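Undergrad: Take this sequence and fold it.
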Amino acid sequence: MGRVRSCILSISLILLMYTRSSSAQIGLNWNRLRGELAEGALNTTTGDIQNVLTDILRQFQDFAPDLAGQLPIPGQGEGDVNATEGGEESPKPAPQFPPGFENLQYVSPVCLNHTLTLIGDFQAQKQYAKQMVYSSGSPIPNPSIEFSGLTADYGLFQQCRDVKKEHEGTPFDAEYCILSNYGPEGAQYHSAVCVPASCPDYDLRTIAYTLKGVLDIPVEFHFTCETRPSFTGGDIFVILWCVILGILMLSGTLYHLVKIHMEARNNSDAYEDAPEEASEEAPEEDPEEDGDHGDDKKVEELEPEDKENQPAAEGTGTDAEREVMNIQERGDDPKKESKSTDGKLGRMLMCFSIIHNFGKIFDISKQKGTLSALNGIRVISMFWIILGHTWQFLGTYRADNPLYMYTQLLPKFWAQTVLHAVFGVDTFFLLSGLLLAYLTLKALKKGDGKINWGLFIFHRFYRITPLYMLVLGVWSTFPAHIADGPTVQWIFHGARDTCRRLWWTNFLYINNLHPFPGDLGGQCMGWSWYLANDMQFFIISPIILYLLYKNRKIGFAVIGVILLISTCATIGISYHYGLNIGFNQKPFNNNTADHPTADHLYGKPYHRIPPYLIGIIVGYFLFKLEGKKFDIPRLAAGGMWLLAAGSALGLVYGLYNTTQGYIVPQGTTIFYYAVNTIAWGVAIGWVAFACIKGYGGPVNTILSWPVWTPLARLTFAAYLVHPLVQFVYVWSLPTAVPPTPAFMTYHVIAFIFVSYAVALVFSLAIEAPLMGLEKIWFKRH
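TA: Numbers count the residues shown, from 1 in each chain. Prediction:
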């Protein structure tokens with residue numbers, strides 16, 4: 001009954017302004033109710049509210065018919081006329097509104113008429129009107145907000161949308177809208193309103209602001225109605241892009257199937273025509289059959305983002321440099337490509353074959369010289385990021401008891417794993433720098449210090465940008481048209497608008513810098529700050545790598561200077577803005593008051609570069625020690641493992657006391673910001689180095705598990721698509737959900753599975769085909 005009465009209050013407060021009743025009397029009722037709620041600290045009884053509602057609705061019944069008579073009948077236009085006694089037609093008089101309500105003349109007459117019809121039919125207890133009223137959320141916070149922290153009531157989304165379908169004779173379509181109330185001190189409350197579809201959001205806004213002015217309500221209103229957006233030129237472009245990719249995949253797969261059938265038939269005919277004394281040995285297979293790749297690769301598994309790690313190798317065009325091809329290329333040997341009977345068009349079609357690419361992605365055979373331990377590090381880091389985002393998105397936006405999550409769950413020791421999942425991204429930076437240095441230095445050695453640095457940059461851009469832009473296009477197009485839920489349009493309309501304005505910053509990989517300082521929520525694909533940083537690091541890497549190759553001392557000196565600049569910048573910015581760490585700690589000053597969500601450090605290259613540079617150092621030593629015996633005393637190796645484990649665990653769990661009320665001093669906070677990414681890079685760098693050089697023990701066994709191999713090949717795509725998967729699900733939920741550990745764990749597992757499944761589709765559609773096409777188009781370079 002509380003929901004029913006609060007919904008009646010919602011409609012009454014918004015629609016009473018249509019009356020000719022005294023505005024003073026309306027204000028008296030509202031002020032009385034507001035005063036009772038304030039004095040009772042939100043504990044006013046439902047009986048008190050019902051008494052006020054009864055009084056309000058009784059007044060409404062007195063004047064509603066009179067006003068309704070002044071409004072046009074739905075379906076008639078502005079030229080509605082009345083017939084005079086002489087048969088002449090005269091314009092219908094405009095409705096007269098009392099003082100203070102004049103702005104209602106700008107509201108659609110059809111909207112006013114349908115609204116009055118709804119109120120009258122609700123009073124008559126008609127089923128469609130009851131369903132609309134009961135589908136609305138509470139316009140004021142429930143008293144339980146004191147204990148739950150739930151600041152939204154989204155009502156019954158589907159029931160509102162299905163009113164006309166479920167009740168014959170419903171005089172109009174229903175529309176579901178989100179009413180957002182912003183209080184004087186930044187407090188927010190969101191509720192649902194089920195209104196006639198003839199009332200667009202600007203009409204509702206006019207009504208709400210008229211009420212606000214007359215009754216002096218100290219809140220700001222904003223309406224977002226869940227209507228499907230129209231298709232724009234950008235939407236059509238993305239859809240055509242996806243259709244073309246689908247046609248290419250289908251064509252390539254059909255070509256592959258026909259080729260397999262023809263080869264099988266030829267082999268069968270050859271067997272039948274062979275003399276009886278012929279050897280029964282199976283014919284020698286072409287290692288490059290169907291454009292597939294040989295098994296002679298030296299470095300198989302590269303990081304998910306290692307589109308950046310092969311350009312150096314391919315820049316000189318020598319056969320030896322093919323040893324460092326990408327994971328999907330699987331160690332191609334150009335000498336074997338000449339044995340393929342396919343023409344160029346056939347080989348290009350084979351690049352889009354689902355069968356061909358699926359087999360490459362899920363090949364778990366281990367080859368000599370692989371850095372297989374990096375696969376486990378990469379995939380586990382991706383799982384960790386999905387874990388953190390699951391708690392962030394479901395817990396922040398859809399928890400039915402946010403206070404329980406923030407006061408009971410996240411302060412627990414195990415929850416530090418959730419709160420510090422961002423270190424998974426730092427691990428990606430480390431792996432990126434490690435593999436880039438290792439492979440590029442090998443290419444420099446084999447090319448006698450020469451690399452086509454132009455192709456080096458182009459290769460990186462070519463490898464990641466098409467997939468990146470496709471995901472961006474899907475993110476800014478499909479959810480708004482396909483997803484269905486109470487807040488889908490509220491969120492995805494904003495995403496569409498943001499990406500239309502700022503997509504070019506993503507294309508140029510400057511979205512973490514423009515606009516400056518910006519904030520992650522204001523970016524197109526807020527999680528893409530990682531790609532911008534990685535590309536920026538990659539662009540400056542040739543200077544570092546070339547100096548390392550030519551003169552180790554100068555190279556390390558440059559790395560040291562960059563680390564020093566990064567550390568000083570981090571110290572200065574964290575001090576100036578009084579940045580805090582830990583759980584629920586306030587900033588040390590108010591220098592961020594004008595823009596509290598500004599991203600001064602989190603996504604900025606001057607803060608994120610240390611793990612990348614440490615990865616370059618580790619990759620350099622792996623390059624120098626390749627093929628050489630490297631002995632470390634067991635005691636020293638054990639000490640390094642203890643140091644690495646202690647550093648990593650300290651970074652993840654060391655701030656646990658802040659969840660128990662401990663306030664970290666500003667000096668300690670600044671020190672933490674200055675060294676945390678460096679310490680994490682050193683810790684994970686040791687794990688990678690030790691496993692590769694034979695000092696990993698059981699850790700290496702786990703990280704080198706063959707199952708990680710196909711998942712590692714999909715991790716770059718999984719990073720791009722997993723927030724899309726999560727947001728579509730979270731914002732489509734019709735109700736709030738319980739943030740319990742069991743509930744969240746099930747969803748983490750589900751999001752991992754679905755994210756990698758969607759990543760597989762994207763990889764088969766564009767990532768793997770482009771790698772094959774690159775071999776065809778640029779094999780001479």
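Undergrad: Run through the stretch 101-250 of the chain and note the low-pLDDT ranges.
TA: Scanning the stretch 101-250 of the chain for pLDDT under 70 picks out the ranges 183-187, 214-219.
Undergrad: no, scratch that, I was asking about the chain
TA: Scanning the chain for pLDDT under 70 picks out 1-98, 183-187, 214-219, 269-342, 367-370, 593-594, 779-781.
Undergrad: which stretches of it form strands?
TA: Along the chain, the segments classed as strands by DSSP state E run 81-83, 89-91, 152-153, 174-182, 188-196, 220-225.
Undergrad: Switch the ones you listed over to JSON lines; also include distance to residue 255 and mean neighbour count.
TA: In short, each C-beta sits where N, CA and C put it, glycine included. Formatted as JSON lines, the strands of the chain follow (distance: least, CB to CB, whole Å; neighbours: other CB atoms under 10 Å):
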{"stretch": "strand 81-83", "distance to residue 255": "69", "mean neighbour count": "10"}
{"stretch": "strand 89-91", "distance to residue 255": "70", "mean neighbour count": "10"}
{"stretch": "strand 152-153", "distance to residue 255": "52", "mean neighbour count": "22"}
{"stretch": "strand 174-182", "distance to residue 255": "48", "mean neighbour count": "22"}
{"stretch": "strand 188-196", "distance to residue 255": "52", "mean neighbour count": "23"}
{"stretch": "strand 220-225", "distance to residue 255": "48", "mean neighbour count": "18"}
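Undergrad: Format the ones you listed as TSV; extra columns: distance to residue 101.
TA: Converted to TSV, the strands of the chain look like this (distance: least, CB to CB, whole Å):
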stretch	distance to residue 101
strand 81-83	24
strand 89-91	22
strand 152-153	28
strand 174-182	20
strand 188-196	18
strand 220-225	16
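Undergrad: I'd like to know which of those is closest to residue 657.
TA: Proximity to residue 657 (CB to CB) singles out strand 188-196 among the strands of the chain, at 30.8 Å.
Undergrad: got a list of contacts for that closest one?
TA: Residues from elsewhere that reach strand 188-196 (CB atoms under 8 Å, 6 or more residues apart in numbering): 10, 14, 111, 114-115, 117-118, 132-133, 135-141, 151-157, 160, 163, 172-183, 204, 223, 486.
Undergrad: same question, stretch 661-670
TA: Contacts to stretch 661-670, defined as CB under 8 Å, 6+ apart, come from residues 571, 574-575, 578-582, 585, 588, 655, 658, 672.
Undergrad: Longest helix in this protein, please.
TA: The single longest helix within the chain, with elements called by DSSP state H, is helix 233-273.
Undergrad: Okay, the closest residue to residue 647 other than its chain neighbours and residue 426: tell me how far apart.
TA: Excluding the flanking residues, the one nearest residue 647 by CB to CB, 6 or more residues apart in numbering is residue 683, at 4.4 Å. Relative to residue 426, residue 683 is positioned 10 Å away (CB to CB, to the nearest Å).
Undergrad: Please apply the same query to residue 777.
TA: 35 Å.
Undergrad: Those two: which is more packed in?
TA: It is residue 426, of residue 777 and residue 426, that has more neighbours when counted by other CB atoms under 10 Å, with 24 against 13.
Undergrad: now that one, nearest residue through space, not along the chain?
TA: Excluding the flanking residues, the one nearest residue 426 by CB to CB, 6+ apart is residue 611, at 4.6 Å.
Undergrad: From the structure, what's the count of residues near the one you found?
TA: Other residues close to residue 611 by other CB under 10 Å number 29.
Undergrad: Just want the phi and psi numbers for the nearest residue to residue 148 once chain neighbours are set aside.
TA: Nearest residue to residue 148, sequence neighbours excluded (CB to CB, 6+ apart): residue 401, at 4.7 Å. Here is the backbone geometry of residue 401 (degrees, to the nearest 10): phi -150, psi 70.
Undergrad: hmm, back to that, return the residues in contact with the residue nearest to residue 426.
TA: Residue 611 sits in contact with 426-427, 429-430, 433, 677-678, 680-681, 684, where contact means CB under 8 Å, 6+ apart.
Undergrad: How about residue 157?
TA: Shown in contact with residue 157 (CB under 8 Å, 6+ apart): 135, 176, 192, 226, 485-486, 734.
Undergrad: Please report the distance of it from residue 489.
TA: 11 Å.
Undergrad: what is in contact with these two at once?
TA: residue 226.
Undergrad: hmm, back to that, would you mind confirming that the residue nearest to residue 148 is in contact with residue 149?
TA: Yes - here residue 401 reaches residue 149: they are 7.1 Å apart, a contact under CB atoms under 8 Å.
Undergrad: If you count surrounding residues, which of these two has more?
TA: Set residue 401 next to residue 149 and count neighbours by other CB under 10 Å: residue 401 wins out with 21 against 16.
Undergrad: From residue 491, how far out is that one?
TA: Separation of residue 401 from residue 491 (CB to CB) stands at 22 Å.
Undergrad: Not counting sequence-adjacent ones, nearest residue to residue 589?
TA: residue 578 (3.6 Å).
Undergrad: what residues are up against the nearest residue to residue 625 once chain neighbours are set aside?
TA: Excluding the flanking residues, the one nearest residue 625 by CB to CB, 6+ apart is residue 693, at 6.9 Å. By CB under 8 Å, 6+ apart, the contact set of residue 693 is 622, 625, 630, 632.
Undergrad: Since that was my last question, I'll sign off now.
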